[in-house]
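Visitor: Only the shape, not the letters, is given here:
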């Protein structure tokens, strides 16, 4: 029962994170591109602030549930007299997951703050540059997230 609960939390967190990146990148961003810079940057700052709060929770839940599930499986194998060798797909998933969290933390705590400072100071050029950097890193994270899903589903 605990493993099923952990896996559910893990998957729901990933759905929120990857789904939010897809929505923001492919639907919201193109729609707001037609707005003038002050309106667009204020709106994106507000939306990203809410989204990044959700992703902060989702990313930490993803890491915690993943580590916990891995630990439970390893413990069960060892307790039954076996030797636990982590599958390659799990290793790749873990490494890419940690990389995604690191990229998100940089995006949230460095680039998003830069966007916030630019919006507060009405420096629209600097805000646009910060938003472009955020878009780049979100695109990279989205690519990594899709890669993790493919590895998981095709293993």
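Guide: Sure thing, it's come through. Being a predicted model, the structure only gives us computed values, none of them experimental.
Visitor: Spatially central residue in this protein, please.
Guide: residue 17 (4.9 Å; C-alpha atoms, centre = their mean).
Visitor: Output the contacting helices and strands for the one helix or strand that residue maps to.
Guide: When elements are defined using DSSP states H and E, residue 17 is found to belong to helix 2-23. With contacts defined as 3 or more C-beta pairs under 8 Å, 6 or more residues apart in numbering; DSSP states H and E, the packing partners of helix 2-23 are helix 37-79, helix 124-154. Heads up, the C-betas are built off the backbone N, CA and C, glycines and all.
Visitor: As TSV, the ones you listed with mean neighbour count, mean pLDDT and distance to residue 118 would be great.
Guide: Supplementary listing: the helices and strands packed on helix 2-23 in TSV, determined by neighbours: other C-beta atoms under 10 Å; pLDDT from 0 to 100; distance: least, C-beta to C-beta, whole Å:
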stretch	mean neighbour count	mean pLDDT	distance to residue 118
helix 37-79	16	97	7
helix 124-154	16	97	4
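Visitor: so which of the ones you listed comes closest to residue 92?
Guide: Each of those has some distance to residue 92 by C-beta to C-beta; the shortest is helix 124-154, at 5.5 Å.
Visitor: next one: phi and psi at the residue of the chain most remote from its centre?
Guide: Among the C-alpha atoms of the chain, the one farthest from their average position, using C-alpha atoms, centre = their mean, is that of residue 81, at 36.8 Å. Note on residue 81: backbone dihedrals following degrees, to the nearest 10 are phi 90, psi 0.
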